[in-house]
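J.: sequence first, then the predicted structure, then my questions.
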Amino acid sequence: MRQGEPLAVARAITRIERGGQDARNLIRALFAFTGHAQIIGVTGAPGTGKSTLVNALGKEFRTKGKRVAIIAVDPSSPFSGGAILGDRLRMQELSGTGIFIRSMASRGQLGGLAAAVSDALIVLDAAGFDVILVETVGAGQGEVDIAKHAHTTLVVEAPGFGDDIQAIKAGILEIADVLVVNKADREGVSATVAALEMNLSLNPDKRAWRPPVVKTIALSGQGVPEVIDAIARHQAYLDENGLRAKKDAARFDEELREVLKRELLQETLNAVPRERWNELISEIITRKQDIYSIAEEILDARD
Amino acid sequence: MAEQPIRVLVAKPGLDGHDRGAKVVARALRDAGMEVIYTGIRQTPEMIAEAAVQEDVDVVGLSILSGAHLELFPRITQLLKEKGKDDVLLVAGGIIPDQDVPQLQALGFTGVFGPGANTNDLVKFVQDEMAKRRTAAHR
């Protein structure tokens, strides 16, 4: 798997998705070999052309001799738990190039990045990939979460998507390291770029880095070298200002909290038998007790 | 540990230009709680085998309307074997004449769903087969 052999890497990711002690053992065995890969997050509203852009970026990195892996995340249906993972469809060109593509479903993670995705990043890093592109659907929380795991985050916009509102949506500008306006051959592209630039000027954030706004037509590859360039400049900015360590600290802080949240919750839930749980829910419904009192009772019972 | 969703690759090898059936199948499988990797039309055997490996799918569903199944399916199963991914449940669908079914079964296709097949039957078939395989794996 450490050589990046596709079947071995794929099976390792499946083990991660299954979770449990096996997944934990795998992470434990691999973690020391991570820290080399450049992780690039690509997010944005559905329909802005993220997959097509990722396809183009993958191709470009490959021509520069980089070993590339792609994780494409799509939402699971909250009703059936199933998912259609269709991002691969836009990346046909990458077939046979040695680029590893894995489609992952969010699996019920409420917004945010699926737990398995951050662990899959560990697998791919340990497998020796130089660049890992992670594509997620920007639907509120999901956008912010990928930014915590990536070194450089691209936010993709497109003209005609209610841009004025998109452009000032809370969190988008703060998490974007590079803003890409894709489908730049569409009407309204100048207005979109102008709106983004204006908002960047009106809301200067604490970083010394002003995200460049790059126009692309991902389908034809136009603007893609400029995006790669912007990514490289951002990486240089991180290195020159000693910010890479800070980013890593923030990432692992976040991941550790997420793991603790999951573990502690699961432990706590495991300690309450189903009948007792239902009883407690009934007590809330009948107003016998409020939620906080019930929660306290459960937590006290743990000790 | 919760039961893992079944991962299915739905692929259309060859030169079919029409994929409504495959999309209907993909949706039915999703509604049954499966994760469906749909790779679109005009897939070569190499692309299909590569996707099956990288996505580590449980099921490979091949849909074909052009009649080239006896030509293309053996190449795909051969590639899957070469790449070490011959543990998948193989299902075929589309325009497949009854007389060709035995040959496909000999290749390893456990289920063949030709014209008129019901998506409910297909879903149940995949679920039952996967349940059998998973029980066997836990022994």
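T.: That came through fine.
J.: every contact and neighbour count from this point should use C-alpha atoms.
T.: Fine.
J.: please enumerate the helices of the chain.
T.: All of this is about chain A. Counting by DSSP state H, chain A has helices at residues A:6-18, A:20-30, A:50-63, A:115-126, A:141-149, A:163-168, A:172-175, A:189-202, A:224-240, A:243-270, A:274-285, A:291-302.
J.: my bad, chain B
T.: Assigned by DSSP H, chain B shows helices spanning B:20-31, B:45-54, B:69-82, B:101-107, B:119-138.
J.: just name the most buried of these.
T.: helix B:45-54 (a mean of 22; mean count of other C-alpha atoms under 10 Å in any protein chain shown).
J.: what count of nearby residues applies to the residue nearest to residue B:39 when sequence neighbours are not counted?
T.: Of all residues not flanking residue B:39 in the chain, residue A:89 sits nearest, at 4.7 Å (C-alpha to C-alpha, 6 or more residues apart in numbering or on different chains). The number of residues packed near residue A:89 is 16, by other C-alpha atoms under 10 Å in any protein chain shown.
J.: ok, residue A:89 - contacts?
T.: Residues near residue A:89 by C-alpha atoms under 8 Å, 6 or more residues apart in numbering or on different chains: B:38-40.
J.: okay, the residues you listed in TSV with pLDDT next?
T.: Listed next are the contacts of residue A:89 as TSV, based on pLDDT from 0 to 100:
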residue	pLDDT
B:38	94
B:39	90
B:40	87
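J.: among the helices of chain A, which comes closest to residue B:112?
T.: Closest approach to residue B:112 among these is made by helix A:6-18 (26.8 Å; C-alpha to C-alpha).
J.: would you mind pulling the contact partners of that closest one?
T.: Applying C-alpha under 8 Å, 6+ apart, the set of residues contacting helix A:6-18 from outside is A:1-2, A:22-24, A:26, A:100, A:102, A:116, A:119-120, A:123-124, A:127, B:1, B:4, B:53-56, B:83-85.
J.: how many residues are close by the residue in the stretch 151-300 of chain A that chain B sits nearest to?
T.: In the stretch 151-300 of chain A, no residue comes nearer to chain B than residue A:266, which is 11.0 Å away by C-alpha to the nearest C-alpha. By the criterion of other C-alpha under 10 Å, residue A:266 has 11 neighbours.
J.: do you know how far residue B:36 is from chain A?
T.: When distance is defined by C-alpha to the nearest C-alpha, to the nearest Å, residue B:36 is 5 Å away from chain A.
J.: kindly state the beta-bridge partners for that residue.
T.: residue A:84, residue B:8 (DSSP bridges).
J.: in PyMOL, select just the buried ones from the contacts of helix A:6-18.
T.: Command for PyMOL, covering only those of the contacts of helix A:6-18 found buried under the criterion 16 or more other C-alpha atoms under 10 Å in any protein chain shown:
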select buried, (chain A and resi 1+23+26+100+102+116+119+120+123+124+127) or (chain B and resi 53+54+55+56+85)
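J.: not counting sequence-adjacent ones, nearest residue to residue A:197?
T.: That would be residue A:213: by C-alpha to C-alpha, 6+ apart, it lies 7.4 Å from residue A:197.
J.: the one you found and residue A:177 touch, don't they?
T.: No: in this structure residue A:213 lies outside contact range of residue A:177 using C-alpha atoms under 8 Å: 9.5 Å.
J.: now residue B:66: phi and psi?
T.: For residue B:66, the backbone dihedrals (degrees, to the nearest 10) come out as phi -80, psi -10.
J.: now for residue A:151: which residues touch it?
T.: If a contact means C-alpha under 8 Å, 6+ apart, then residue A:151 has A:38-41, A:235, A:244, A:247 as its contacts.
J.: please report the distance of it from residue A:210.
T.: Distance, residue A:151 to residue A:210, using C-alpha to C-alpha, to the nearest Å: 15 Å.
J.: and if you look at residue A:222?
T.: Distance, residue A:222 to residue A:210, using C-alpha to C-alpha: 22 Å.
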